[in-house]
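**Student:** next come a sequence and a model predicted from it.
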Amino acid sequence: MPTKQELLSRIERLHAALSAQTRDYTALIVDKVNQYYFTRTLQDGLLVIKSTGEYAFFVRNSYERAVNESPLENIFPMKSYKDAADVIGELGGSAVFVETEVMPLAMLERLRKYFAIDSPQSLDRYILNLRAVKSESELAVMRESGKRHAALLDEVVPSLLREGMSEVELTADLFAAMLKLGYHGVSRFSMFQSQAVIGQLGFGTNSLYPTNFDGPGGMKGLCNAVPIIGDATRFLQKGDLVFVDTAFGMDGYHTDRTQVYSFKSEPSSLAIDAHERCLQVQRSLAAQLKPNAIPSELYKNAGFENRNVRFLGHGVGLYVDEYPVITSGFDVPLQAGMTIALEPKASIEGEGLVGTEDTYVVTENGGVCLTGGERGIIVV
């Protein structure tokens with residue numbers, strides 16, 4: 001858990017970044033995950049940071065819990081945004097920053113009843129850049145998550161696979177096993193309206209089924225309205241490739257990993273060769289995860305042809321999908337302490353999806369793996 005001093009340091013670093021943009025500002029933070037990052041408690045509230053460096057955290061539910069969980073001061077109960085305006089004023093004349101990616105227009109209009117907000121500016125990138133570089137306390141949680149994640153996919157999943165089980169049954173058994181290993185119970189995604197239970201899994205060609213999720217894997221899902229979780233009518237058979245792409249997480253922080261299995265049969269030579277090519281790409285990219293490396297150049301030089309997905313890796317943390325992204329157009333240099341999931345994958349027509357994914361920390365010596373490292377297709 002971050003200390004009070006670390007939380008204050010996070011607020012100060014956001015203050016410094018915004019101050020470099022404008023001398024007079026107010027940041028209004030409503031996203032619960034962002035509030036957790038700055039306060040160590042997940043509430044229905046409003047976190048205000050001003051250009052003076054001062055902050056105030058207003059909480060609807062639960063003020064009592066927020067006071068118990070957060071080491072910060074300046075926490076106030078709030079019934080409406082008027083309570084916050086009574087404390088901090090109307091913000092006249094200052095530039096107002098809000099999370100434009102997550103704040104609904106209706107919420108902005110409710111804020112405007114009590115605060116002078118003419119042309120709100122986007123706060124999102126400032127916070128994403130701040131959160132991308134992990135502190136030692138964050139890395140400690142992610143290392144433990146990665147250790148348990150590796151045990152889950154290397155040891156537990158093979159024990160769960162049984163002939164005749166459905167994808168839904170595997171999802172249920174996998175979720176129960178994750179909870180027993182200390183999983184925090186939810187996989188959070190920042191992408192607008194993204195939903196997942198534990199990730200993506202599929203038997204055979206179901207892992208190639210078209211999906212609205214922006215990832216290399218596919219999933220048929222329960223029905224048209226819920227295209228996630230798994231297919232209740234697809235049963236595990238001898239010779240199936242089993243694709244399991246899960247997030248694991250503890251204390252709010254995730255790791256991301258994928259493992260492919262072959263059930264009761266050696267995989268085809270085509271699957272083995274494609275999987276090995278993916279491992280080679282991952283190995284090469286991991287070695288280049290050093291400070292000042294440019295993500296777009298890593299993507300361009302990866303030598304991974306015929307890509308159906310526009311990225312080969314993504315940041316991981318309080319969300320499964322964070323900054324930075326290993327893709328074209330992302331030119332912000334890497335920094336030590338960033339955590340990135342690398343996931344080269346390949347589809348095998350008539351068989352399913354193969355490939356790999358592991359979570360790494362950016363260091364001076366290249367990426368250090370948190371989730372167990374390279375694995376071939378596991379025969380169960």
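**Tutor:** All right, it came through fine.
**Student:** with adjacent residues omitted, what lies nearest to Thr39?
**Tutor:** In space, Thr39 comes closest to Ser70 once its chain neighbours are excluded; the distance is 4.6 Å by Cβ to Cβ, 6 or more residues apart in numbering. (C-beta placed from N, C-alpha, C; glycine too.)
**Student:** next one: the spatially most central residue of the chain from Gln5, what distance?
**Tutor:** Centroid-nearest residue in the chain, with Cα atoms, centre = their mean: Val320, separated by 1.3 Å. Noted for Val320: a distance of 28 Å to Gln5, by Cβ to Cβ, to the nearest Å.
**Student:** and the helices in the stretch 201-350 of the chain?
**Tutor:** 269-287, 295-300 (DSSP state H, counting those that start in this stretch).
**Student:** quick check: phi and psi on the spatially closest residue to Leu289 that is not a sequence neighbour?
**Tutor:** Closest residue to Leu289 apart from its sequence neighbours, by Cβ to Cβ, 6+ apart: Gly367 at 3.4 Å. Gly367 has phi and psi values of phi -70, psi 130 when expressed as degrees, to the nearest 10.
**Student:** would you confirm that Gly367 contacts Gly373?
**Tutor:** No. Using Cβ atoms under 8 Å, Gly367 is not in contact with Gly373; the gap is 10.4 Å.
**Student:** who's more crowded, those two?
**Tutor:** Per other Cβ atoms under 10 Å, whichever of Gly367 and Gly373 has more neighbours is Gly367, with 26 against 16.
**Student:** check contacts around that one.
**Tutor:** Contact analysis of Gly367 by Cβ atoms under 8 Å, 6 or more residues apart in numbering lists 285-289, 340, 342, 360-361.
**Student:** the same query, at a cut-off of 10 Å, please.
**Tutor:** 282-283, 285-290, 293, 313, 334, 338-340, 342, 358-361 (Cβ atoms under 10 Å, 6 or more residues apart in numbering).
**Student:** ok so, going back, wait, the residue nearest to Thr39 sits on Phe57?
**Tutor:** Yes. When contacts are counted by Cβ atoms under 10 Å, Ser70 is listed as touching Phe57 (7.3 Å).
**Student:** hmm, Ala232 is touching Asn206, no?
**Tutor:** No. With contact defined as Cβ under 10 Å, Ala232 and Asn206 do not form a contacting pair (11.5 Å).
**Student:** joint contacts of these two?
**Tutor:** Taking Cβ under 10 Å, 6+ apart as the contact rule, Ala232 and Asn206 both touch 167, 220-221.
**Student:** for Thr100, give its distance to Asp31.
**Tutor:** Thr100 sits 11 Å away from Asp31, going by Cβ to Cβ.
**Student:** over to Gly217?
**Tutor:** 27 Å.
**Student:** with Gln335 instead?
**Tutor:** Using Cβ to Cβ, Gln335 is found at 23 Å from Asp31.
**Student:** likewise for Thr205?
**Tutor:** To Asp31, Thr205 is 38 Å away according to Cβ to Cβ.
**Student:** now swap in Leu279 and tell me
**Tutor:** Taken as Cβ to Cβ, the span from Leu279 to Asp31 is 36 Å.
**Student:** do Ile340 as well
**Tutor:** 22 Å.
**Student:** quick one, which of the two is more surrounded?
**Tutor:** Legend: neighbour count by other Cβ under 10 Å for Ile340 and Asp31, higher for Ile340 (29 against 18).
**Student:** so the more buried one sits against Pro295, correct?
**Tutor:** Yes. With contact defined as Cβ under 10 Å, Ile340 counts as touching Pro295 (8.7 Å).
**Student:** about what we covered before: more neighbours, Ala232 and Asn206?
**Tutor:** When Ala232 and Asn206 are compared for neighbours, Asn206 comes out ahead with 24 against 15, by other Cβ under 10 Å.
**Student:** that one reaches Gly230, doesn't it?
**Tutor:** Yes. Taking Cβ under 10 Å as the definition, Asn206 is a contact partner of Gly230 at 8.3 Å.
**Student:** now for the two: what residues contact both?
**Tutor:** 167, 219-221.
**Student:** let's have those in TSV, adding pLDDT, neighbour count and distance to Ser190.
**Tutor:** Formatted as TSV, the shared contacts of Asn206 and Gly230 follow (pLDDT from 0 to 100; neighbours: other Cβ atoms under 10 Å; distance: Cβ to Cβ, whole Å):
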residue	pLDDT	neighbour count	distance to Ser190
Glu167	96	25	26
Met219	83	28	19
Lys220	84	23	25
Gly221	84	23	21
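**Student:** report the two of those residues separated the most.
**Tutor:** Greatest spatial distance in the shared contacts of Asn206 and Gly230: Glu167 and Gly221, 9.1 Å, computed using Cβ to Cβ.
**Student:** overlap of the contact sets of the two?
**Tutor:** Applying Cβ under 10 Å, 6+ apart, one finds that Glu167 and Gly221 are jointly contacted by 202, 206, 229-232.
**Student:** show me the two of those that sit farthest apart.
**Tutor:** Gly202 and Ala232 (12.8 Å).
**Student:** hey, what's in contact with both of those two?
**Tutor:** What both Gly202 and Ala232 touch, as defined by Cβ under 10 Å, 6+ apart, is the set 167, 220-221.
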